[in-house]
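> I'd like to go over a predicted model; first the sequence, then the structure.
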Amino acid sequence: MQTCHCHTYVEDVIPETNDMMVNIISFLSTMGLMFSGFYIIGKFLADEYKLAKKKSEDKLITFTWEEQFSYRLDYYLSSSQWAKPSLLLSGTFILIFIGAASLSLVAGHSISGATWLAWTYVADPGTHADAEGALVRFVSFMITIGGMLVFALMIGIISDAIGEKVDELRKGKSRVIESNHTLMLGWSDKSLAIIQQIAMANESEGGGIIVVLAEHDKEEMEATLRSAIEIREHGLDLMGTEVVFRSGNPLMEHDLRKVSVLTARSIIALSAVNEDPDESDSKMVRQVLSLKAFEQISCHVVVEMQDIDNKSLIQLVAPELAEVVVVHDIIGRLMIQCAREPGLAHILESLMGFEGDEFYIEHWKQLEGRKFKDILCRFDDAVPVGVKETCGTILLNPDDDYIIGEGCSILCLAEDNDTYTVNDGSYDETKCGKVPKRVVMETRTEKLLFCGWRRDLADMITQLDEYVKEGSELWLFNTVPVKEREELLKDKGSKEELDLKNLLVKNAVGNPIIQRDLRKLVALDYKGKPTGEIATLDEFDSVLILADAVAIQNGADMKASDSRSLASLLIIQDLQRRIYKMKKDAAELNPLSAAVPSRIPAYPISEILDARTRSLLRITDCKGFVMSNQIISAAIAQIAEDRDMNVVLGVLLSAEGSETYIKPISWYLDLEKEKGKRYSFWDIALRARQKGHCAIGYKPASLPFEEARDVMLNPPNKSQKREWQEGDIVIVFAEE
């Protein structure tokens, strides 16, 4: 019996001992937690009190404690992302402590038990329903109300944090995880056209990635892209390419790293819109320096600049990194060439874009050691136009006897880099025949008209001077007073005075969109007085309508500028027809009249900035236009895909070396003597080589340029014979 009592005593003591140990641990844990919390809160409040006390001793500033509290609270909430959670946690801790102390006093609970009970009241409002006694219920109710407020604040903080994160993602703040992508720095009126061209280039690969980093709002850029895609006629087609937008400063290292600049395939740096050209170019220099600071960068950078005089700055700081595209210089050359060669604008637009055929450079081992003239018929689906030497030099339209050396690559016009290969060389080149002898006609003086004003007009005039014969006239018709033109042509002293050898510049003042001003052009001297010279629109060999810089400076956007150009084009065409008809009628009545028209007036050529204006041009049957932004964007995209294209396109648009020409078929065939005979395109190309020309396509007389795209460049079935007719033209690269 004694042993049994001892056993029962031990069984009773052990649970009591365990409960005591649990209570002690619970008490110590609760007190430790409270001590830690009060220490942290107390230390923070003590530091804030010391700071406020120190400021209050400064006699230069007076404030109340309420103002100091509001100021410091505002500081922490705006400067730290953890301020709101810390404030909420501190408030919850104080609420639980006060609630636990109150419950311990009114209900007799232990401090650890009361703390746990207070936490349950805070976390779950329904748990206080079991409380008994009025005072206990009141304390429980107050803790529950405080808990509801805490959780409401917590939900608000979490909601704000999620909303801020979503806004951050929507505004383009996150890092781009991509490689082998095209990176575009900046956003301008050329961006959509560049995106379209790169999408075309990526189509054969199933699409690609374009990343845009600009200081514009991300949602605004995305909306612009969406609206361009949703246009029913001539809408933008991404063809599987994805476009990722990020908002940021392209000059800052952090933002450049955010768009994976080190893993990009190529970089396009676009200049700012509606900004002084010199200021814009200076930013481009800084942009290149910002990219050069990344020593690991391996791709090339296509830099858009505004002034040809600033091109040397980029070549000075980063000659191996950057390929410079001087926009105004290229547009000026384009406009001059297209004004003197009607129809050339359609060819250049096709030549520079990725829609259809473009330039590719490939090495063909089997062609090494051959002369250039011997490879003309070696590609069924491409047209060889030049050679890239092992030293990197690119020769466009080389001599017939140029021997393709070891390691040299062939520059071809082709649909894609994988759509052509070398054939077996079985075509019989000996049956092409001889090119007919032509009477060399003496070049005559020209009379040209420029409507509108451009900042780089001096550069355009200098380039035009290289093309025309001595004694040719250039009439400048715009709203700029004659007295101001001389200073503007010198670009406020940054350029030298025009030193022209062939051109005579005539100044006339008027508005190109006012019919009254266009009826008769009166030449003025630099003092603004009439010189006695008068011209009418039917007398000019070329009429060029420029996107007027004066109107753009006064706030005109692309659409407004195109509206002015379109109105001027229609007015000029109408006046030309009326003047021609009037002179023709007068000549019929009086054959000896001096007003006899010598020829049909030249088509005016208008510069169009917005590609969407093309549909309006078709409606009004306007044939003379140059989509300058479209062609420039295509050129930038081509250079981004292959930096060698900068040299090729530069040669094609300059007055030196080979250029693009439109030649009548009579240059290569004697249509009278060879009537009824059939010749293939290769036969014509071989004949063209006898003149040093490189034939790249043709246009039948029966087809307008818009419908002849399939044969205009790199025609199919080159060996197929056809009967050539009067009016057929051949597109060639030539130096003449």
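Now that the structure is in, tell me what you want to look at. Computed from a predicted model, the values in this text were never measured in an experiment.
> just name the shakiest helix or strand of the chain by mean pLDDT.
The helix or strand with the lowest mean pLDDT-type score in the chain, counting by mean pLDDT, DSSP states H and E, is helix 549-553 (a mean of 64).
> whichever helix or strand comes after that one - contacts with which helices or strands?
Next helix or strand after helix 549-553 toward the C-terminus (DSSP states H and E): helix 558-589. Helix 558-589 sits against helix 515-518, strand 542-545, helix 549-553, strand 604-608, with contacts defined as 3 or more Cβ pairs under 8 Å, 6 or more residues apart in numbering; DSSP states H and E. For every residue, glycine as well, the C-beta is placed using N, CA and C.
> just for the stretch 1-150 of the chain, where's the confidence low?
When the per-residue scores of the stretch 1-150 of the chain are filtered using pLDDT under 70, the ranges that remain are 1-20, 22-23, 26-27, 59, 126-130, 132.
> where exactly do the helices run in it?
For the stretch 1-150 of the chain, the helices identified by DSSP state H, counting those that start in this stretch occupy 2-56, 65-79, 83-107, 111-123, 134-170, in order along the chain.
> and the ones you listed as TSV, adding mean neighbour count and distance to Asp380?
Below are these laid out as TSV (neighbours: other Cβ atoms under 10 Å; distance: least, Cβ to Cβ, whole Å):
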stretch	mean neighbour count	distance to Asp380
helix 2-56	11	81
helix 65-79	11	69
helix 83-107	18	71
helix 111-123	21	80
helix 134-170	14	51
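> got the contact list for the residue nearest to Leu153 when sequence neighbours are not counted?
Taking Cβ to Cβ, 6 or more residues apart in numbering as the measure, Leu153 lies nearest to Leu88, with 5.5 Å between them; neighbours along the chain are not counted. The contact partners of Leu88, by Cβ atoms under 8 Å, 6 or more residues apart in numbering, come to 150, 153-154, 157.
> so Leu213: helix, strand or coil?
Leu213 falls in the strand class when you classify it by DSSP: H, G, I helix; E, B strand; the rest coil.
> what's the burial count for it?
Counted with other Cβ atoms under 10 Å, residues neighbouring Leu213 total 27.
> can you give me the strands for the stretch 351-500 of the chain?
Along the stretch 351-500 of the chain, counting by DSSP state E, counting those that start in this stretch, strands occupy 358-363, 382-388, 394-396, 409-414, 447-451, 472-478.
> just put these in JSON lines and tack on distance to Ile608, mean neighbour count and mean pLDDT.
Supplementary listing: the strands of the stretch 351-500 of the chain in JSON lines, determined by distance: least, Cβ to Cβ, whole Å; neighbours: other Cβ atoms under 10 Å; pLDDT from 0 to 100:
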{"stretch": "strand 358-363", "distance to Ile608": "22", "mean neighbour count": "20", "mean pLDDT": "91"}
{"stretch": "strand 382-388", "distance to Ile608": "28", "mean neighbour count": "23", "mean pLDDT": "94"}
{"stretch": "strand 394-396", "distance to Ile608": "28", "mean neighbour count": "20", "mean pLDDT": "90"}
{"stretch": "strand 409-414", "distance to Ile608": "25", "mean neighbour count": "22", "mean pLDDT": "94"}
{"stretch": "strand 447-451", "distance to Ile608": "14", "mean neighbour count": "25", "mean pLDDT": "92"}
{"stretch": "strand 472-478", "distance to Ile608": "18", "mean neighbour count": "22", "mean pLDDT": "93"}
